[in-house]
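# Show me the folded form of this:
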Amino acid sequence: MFDPIEFYKFSEEMLGFYNSKESARRSVVSRSYYAVFLIIREKLRKTHPDEVHDNALDHAGIAQALKKRGYDYEAQKCFDLKDERHEADYKLNNPCSDQKANDVLADARDMIENRIPNVSF
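This is a model prediction of the structure:
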């Protein structure tokens, strides 16, 4: 099985090598969100497989699962990261700055290293 942490690691590498390219910064934002989303989804799947649908419903579903269990900060951060991904992927008239990509990557790092390990479904 593919480990979604690889999306995060790739984002770090991409930002380090290609930060002058807006396409790389947009990809960093998108892959950072997907790393967090998929890590949480797979953690949820282990104990509550009925709450995982393997489709678009899971994007709101994982945040709702977090919120339902009292992880309000983590749920909001998932929504925030998803919003950043939508902007990077769909709002092509809005520039994606180096600062934006670094901020999203830092938020993903915080979720992966400090928040998600403490989540218990």
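
# List the contacts of the residue positioned nearest the centre of the chain.
For the chain, the residue nearest the mean C-alpha position is Y33 (2.1 Å; CA atoms, centre = their mean). Residues in contact with Y33 (CB atoms under 8 Å, 6 or more residues apart in numbering) are L81, K82, E84, R85, V104, A108. Using the backbone N, CA and C atoms, a C-beta is placed for each residue, glycine as well.

# The last one is in contact with C78, isn't it?
Okay, so that is A108. No - using CB atoms under 8 Å as the test, A108 is too far from C78 to be in contact (10.5 Å).

# Identify the contacts common to these two.
Residues within reach of A108 and of C78 at once, by CB under 8 Å, 6+ apart, are V36.

# quick one: low-confidence parts of this structure?
Scanning the chain for pLDDT under 70 picks out no residues.

# what about the helices in it?
Counting by DSSP state H, one finds helices in the chain at the ranges 5-18, 22-47, 57-68, 72-90, 98-110.

# Next, format those as CSV and append distance to V119.
As requested, these are exported to CSV (distance: least, CB to CB, whole Å):
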stretch, distance to V119
helix 5-18, 15
helix 22-47, 7
helix 57-68, 7
helix 72-90, 6
helix 98-110, 13
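
# I'd like to know which of those helices is closest to F121.
Minimum separation from F121 across the helices of the chain (CB to CB) falls at helix 22-47, 4.6 Å.

# Buried deepest among the helices of the chain, which one?
Among these, helix 22-47 has the highest mean neighbour count (mean count of other CB atoms under 10 Å), at a mean of 21.

# so that one versus helix 98-110, what angle?
Helix 22-47 runs at 20 degrees relative to helix 98-110, counting by axes from the mean of the first three to the mean of the last three CA atoms, to 10 degrees.
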